[in-house]
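J.: Model the structure of this input:
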Amino acid sequence: MSQAFNRNEDWMKMAVSQTNQHFEKIKLGGGKKAIEKQKERNKLTARERIDYLCDKNKLFTEIGAFAGFEMYEEQGGCPCGGTVAGLGYVSGRQCIVVANDQTVKAGAWFPITGKKNLRLQEISMENRLPIIYLVDSAGVFLPMQDEIFPDKEHFGRVFRNNARMSAMGITQIAAVMGACVAGGAYLPIMSDETLMVEGNGSIFLAGSYLVKAAVGEDIDNETLGGAVTHTEISGIADYKFKTEHECLDHIKKIMNKLGEPATAGFNRIQPVSPKKNPNELYGFMHEGNVKPYDMLEIIERIVDNSEFEQFKQDYGKTILCGYARIEGWAVGIVANQRLISKNKKGEMQIGGVIYNDSADKAARFIMNCNQKKIPLVFLQDVTGFMVGSRSEHSGIIKDGAKLVNAVANSVVPKITIIVGNSYGAGNYAMCGKAYDPRFIYAWPSAKIAVMGGEQAAKTLLQIQVATMKAKGKEVSPEDEKELLDRIKASYEKQTSPYYAAARLWVDNIIDPIETRQVIAEGIAAANQNPHIEAFKTGVFQV
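T.: I've put the predicted structure just below:
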């Protein structure tokens, strides 16, 4: 390999290492002291519960690991959004597992906690996956109650979803391993089956202190709403267990007896490893993603046997479209090509930019995949649509609208991987979060923003300098440089994959060599929903 490849590889591996370091800290939840307190109460941590419950020989794909990253610092932080969760297997059955992390503010719900839990229920509903709740939460984080309690996408939506999911026939199992209070008490009761651990699990609308204040009754929490009370007196819970391990073992038994799901029937054959070494994925992108590279090299290290059948190979070259297999699953791939190319008129086209012909080609390909019932994979490294008089006069908005229309109305599962830039309307056209991908992941090299940092900083600088001069203030070149550096630093922080993952614009940040695995797991999940609507497009200019 060349020196440039080796430099690229070093940069990407450093970026992956930084992601792993952040994740190791996140895995500590509320910290070592909080974990020790959990142990003193004979309780497992959220991660230990999931590890014991899920099949050891199957992949667990974590969702939202960076939720809340560097947010709520004045409140002490909310690592992992106070909830550990993901896509795993229990007794051989793929499902969603959600575990409150009691070490983070007693498992209290921050605004990002609500968003994360709703995202997990959304994944369950979209893919008709069973969902298991491991409950251990003190309820809403009261200092921020106005940001988590009353709105449509807030805390109460969880229980609305419980009811809707039940009506859809989605299995919901709740194991109460700690506190389950106030409005949160509805979640286990609205699930299909409720399990409780004696001594630690409790369900009540109001705890003993509030009961004393409200009605003057003296009672302890265990008598008020413990496992014995709810399995022998109220009938609210279905099973009680002496230990958490016994409780988790019973969940495995329940899952072992579920009927086989109907499937969507997506095509799958025996998987074949890529011919080209996936470890070489580290070496193609340049530091900061500032130079062209061949996206085809990346595709060939993700797909089975490194085989990619291109659609309209010599037309619309700034987007690659084609058919392939990933872990045996048939897929249609739509990927931004970063190489500079020539169009049919011999005009040079900048890589990573969507031109008229590439938008037209991608829209047609997406329609083909919907016609054939083939899941779509989007590989994003896009700076946006081409601008300027030539593009405007050629109808770039019209052709871009065709692509957006096709993406928005696509009925087959869409899985998006942001490998590099994801700027402006390119984010939308390449199936960003607003366009309902079943799953969306980012590499550590991803950048998500309305435009690149350099362009945005210079634009904001011009506005601020003009404002300052209008007020009669002198602005020296040194002042301009200092202001530009400050704007650029702030903007670039907002474009980082950590900023995006913290706010759940992406489901997680992944190592590039995990790309093949997460796509395959996503399609396996999507295949469990047999209900695919007829593909229709809206009105668009021709």
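J.: Following the chain onward from the longest helix belonging to the chain, which element is next?
T.: Longest helix of the chain, by residue count under DSSP state H: helix 3-26. The element immediately downstream of helix 3-26 (helix or strand, assigned by DSSP states H and E) is helix 32-40.
J.: Output the very next helix or strand once past that following helix in CSV with nothing but the alpha carbons.
T.: Proceeding N to C from helix 32-40, the next assigned helix or strand is helix 46-53, under DSSP H and E. This file holds the C-alpha atoms of helix 46-53, laid out as CSV (Å, rounded to 0.1, in the frame of the first residue of the first chain):
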residue,chain,number,x,y,z
ALA,A,46,-27.9,-2.6,33.2
ARG,A,47,-25.1,-4.0,31.0
GLU,A,48,-24.7,-7.1,33.2
ARG,A,49,-28.5,-7.8,32.9
ILE,A,50,-28.4,-7.5,29.1
ASP,A,51,-25.2,-9.6,28.9
TYR,A,52,-26.8,-12.4,31.0
LEU,A,53,-30.1,-12.3,29.1
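J.: mean confidence for helix 46-53?
T.: In this model, helix 46-53 carries a mean pLDDT of 98.
J.: just the angle between that helix and helix 32-40, please?
T.: Helix 46-53 and helix 32-40 are oriented at 50 degrees to each other (axes from the mean of the first three to the mean of the last three Cα atoms, to 10 degrees).
J.: what's the spacing between the longest helix of the chain and its chain's center?
T.: 20 Å (Cα atoms, centre = their mean, to the nearest Å).
J.: quick one: buried residues of it?
T.: Judged by neighbour count using 16 or more other Cβ atoms under 10 Å, the buried positions of helix 3-26 are 8, 9, 11, 12, 15, 16, 19, 22, 23, 26. Bear in mind the C-beta positions are built from the backbone N, C-alpha and C, glycine included.
J.: Looking at those residues, spot the one nearest residue 422.
T.: residue 15 (15.9 Å; Cβ to Cβ).
J.: Can you point out the helix or strand that includes the closest residue to the closest one other than its chain neighbours?
T.: Nearest residue to residue 15, sequence neighbours excluded (Cβ to Cβ, 6 or more residues apart in numbering): residue 444, at 3.7 Å. Under the criterion DSSP H and E, no helix or strand holds residue 444.
J.: How about residue 381?
T.: Short version, using DSSP H and E: residue 381 is in strand 376-382.
J.: Following the chain past that strand, name the next helix or strand.
T.: The first helix or strand that comes after strand 376-382 along the chain, using DSSP H and E, is strand 384-385.
J.: So what are the sheet partners of that following strand and their directions?
T.: In the sheet, strand 384-385 lines up against strand 353-354 (parallel) (DSSP bridges).
J.: can you give me how far the strand it pairs with is from the chain middle?
T.: With Cα atoms, centre = their mean, you get 25 Å for strand 353-354.
J.: which helices and strands does the worst-scoring helix or strand of the chain on mean pLDDT pack with?
T.: Using mean pLDDT, DSSP states H and E, the weakest-scoring helix or strand in the chain turns out to be helix 453-470, at a mean of 74. The helices and strands touching helix 453-470, judged by 3 or more Cβ pairs under 8 Å, 6 or more residues apart in numbering; DSSP states H and E, are helix 477-495.
J.: Which of the residues in the helix it packs on are classified as buried?
T.: Buried residues in helix 477-495 (16+ other Cβ under 10 Å): 483, 484, 487, 488, 491, 492, 495.
J.: again, but for stretch 301-313
T.: 301, 302, 303, 304, 306, 308, 311, 312.
J.: Contacts for that stretch, please.
T.: Outside of stretch 301-313, the residues within contact range by Cβ atoms under 8 Å, 6 or more residues apart in numbering are 271-278, 280-281, 296, 299-300, 320-328, 331, 333, 361, 364-365, 368, 515-516, 519.
J.: From those, which land in strands?
T.: Residues of these located in strands (DSSP state E): 320, 321, 322, 323, 324, 325, 326, 331, 333.
J.: Nearest residue to the first one in space, ignoring adjacent ones along the chain?
T.: It stands for residue 320. residue 335 (4.5 Å).
J.: For that neighbour, list each beta-bridge partner.
T.: residue 320, residue 379.
J.: can you offset everything so residue one is 8?
T.: Got it, first residue is 8 now, which makes that one residue 342.
J.: Can you get me a residue count around it?
T.: 25 (other Cβ atoms under 10 Å).
J.: what's near enough to touch it?
T.: 302, 305, 306, 326, 327, 328, 385, 386, 388.
J.: picking that back up, generate a PyMOL selection restricted to the buried entries among the contacts of stretch 308-320.
T.: In PyMOL, this line selects whichever of the contacts of stretch 308-320 come out buried by 16+ other Cβ under 10 Å:
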select buried, resi 281+283+285+287+288+303+306+307+327+328+329+330+331+332+333+334+338+340+368+371+372+522+523+526
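J.: Can you give me the pLDDT of the residue lying farthest from the centre of the chain?
T.: For the chain, the C-alpha farthest from the mean C-alpha position belongs to residue 479; by Cα atoms, centre = their mean, that distance is 47.6 Å. Note for residue 479: predicted pLDDT of 81.
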